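Enquirer: sequence below, structure please.
(chains A and B)
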Amino acid sequence: DGGITQSPKYLFRKEGQNVTLSCEQNLNHDAMYWYRQDPGQGLRLIYYSQIVNDFQKGDIAEGYSVSREKKESFPLTVTSAQKNPTAFYLCASSTTPGQGVSEKLFFGSGTQLSVL
Amino acid sequence: SQKIEQNSEALNIQEGKTATLTCNYTNYSPAYLQWYRQDPGRGPVFLLLIRENEKEKRKERLKVTFDTTLKQSLFHITASQPADSATYLCVTAGNKLTFGGGTRVLVKP
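Expert: Take a look at the predicted model:
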């Protein structure tokens, strides 16, 4: 089955620790995205990538980092500089580069990150 | 920047009735608008896309309207079923995607 796989489902971070969220897709999509979802709020864009070895900051990139070494993979690292990391993190992909304009997004099942 | 307003209060509805959700946007009229369904602890799933030159779009029991004068989209679920219980997200697309906070729908048998 084609889709997007996020892991782990739940993740706990200690103070001062960096953690990495995994996102893998086998849809052969060029564009991939990371969103953050807080209760009752709309999804906010953290980073996006239109092509391998290239990525752009979204609206709330501070305290996060990404890499895009392979078309299928777009991991997100939540660094210790992110002071309020508790949230639901969603990875998405689309066929059309450019933040998904003109194409629908395919989402993974999310990672819930909490602070210990 | 674009702001999307969806009713944050849950919509409780009896099975078989029509659920109507509202999405209001504040600034520029988007080129198109999308609706997604999200179940608890899961990622959103795409349902429908409607373009600015389209008044109405249908898919099975779902209907979406787009009124650029009112800056509003309405999302209807006809003959609602308990399986329709979920949160529904409105998304506008201009030069970027902007997500609303979603409206939770609870269909009671």
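Enquirer: contacts only, for the closest residue to chain B within chain A.
Expert: Of all residues in chain A, A:Phe107 sits closest to chain B, at 3.1 Å by Cβ to the nearest Cβ. Yep, even glycine has a C-beta here, placed from its N, CA and C like the rest. With contacts defined as Cβ atoms under 8 Å, 6 or more residues apart in numbering or on different chains, the neighbours of A:Phe107 are A:4, A:90-92, B:43-45.
Enquirer: and it, what pLDDT?
Expert: On pLDDT, A:Phe107 comes in at 96.
Enquirer: any idea how far the closest residue in space to it that isn't next to it in sequence lies from B:Lys96?
Expert: Closest residue to A:Phe107 apart from its sequence neighbours, by Cβ to Cβ, 6 or more residues apart in numbering or on different chains: B:Gly43 at 3.1 Å. According to Cβ to Cβ, to the nearest Å, B:Gly43 and B:Lys96 sit 19 Å apart.
Enquirer: when those two are compared, which one has more neighbours?
Expert: Shown here are B:Gly43 and B:Lys96; by other Cβ atoms under 10 Å in any protein chain shown, B:Gly43 has more neighbours (23 against 17).
Enquirer: doesn't the more buried one fall inside a helix?
Expert: No. Per DSSP: H, G, I helix; E, B strand; the rest coil, B:Gly43 lies outside any helix segment and is coil.
Enquirer: does it touch A:Leu90 like I think?
Expert: Yes. Under the criterion of Cβ atoms under 8 Å, B:Gly43 makes contact with A:Leu90 at 5.3 Å.
Enquirer: need the contact list for the closest residue to chain A within chain B.
Expert: Nearest to chain A, among the residues of chain B, is B:Gly43, at 3.1 Å (Cβ to the nearest Cβ). The contact partners of B:Gly43, taken as Cβ under 8 Å, 6+ apart, are A:4, A:6, A:90, A:92, A:107-110.
Enquirer: so of these, which two are at opposite extremes in space?
Expert: Farthest-apart pair in the contacts of B:Gly43 is A:Ala92 and A:Ser109; separation 11.3 Å (Cβ to Cβ).
Enquirer: which one of the two is surrounded by more residues?
Expert: Between A:Ala92 and A:Ser109, counted using other Cβ under 10 Å, the more crowded position is A:Ala92 (27 against 16).
Enquirer: so which bits of stretch A:63-81 are buried?
Expert: Within stretch A:63-81, the residues that count as buried by 16 or more other Cβ atoms under 10 Å in any protein chain shown are A:64-66, A:68, A:71-72, A:74-76, A:78.
Enquirer: biggest separation within the residues you listed, which pair?
Expert: Farthest pair in the buried residues of stretch A:63-81, by Cβ to Cβ: A:Lys71 and A:Val78, 22.9 Å.
Enquirer: what's the pLDDT at the residue nearest to B:Ile4 when sequence neighbours are not counted?
Expert: Excluding the flanking residues, the one nearest B:Ile4 by Cβ to Cβ, 6+ apart is B:Gly100, at 3.6 Å. Note for B:Gly100: predicted pLDDT of 93.
Enquirer: give me the number of residues near B:Gly100?
Expert: A count of neighbours around B:Gly100, defined by other Cβ under 10 Å, yields 27.
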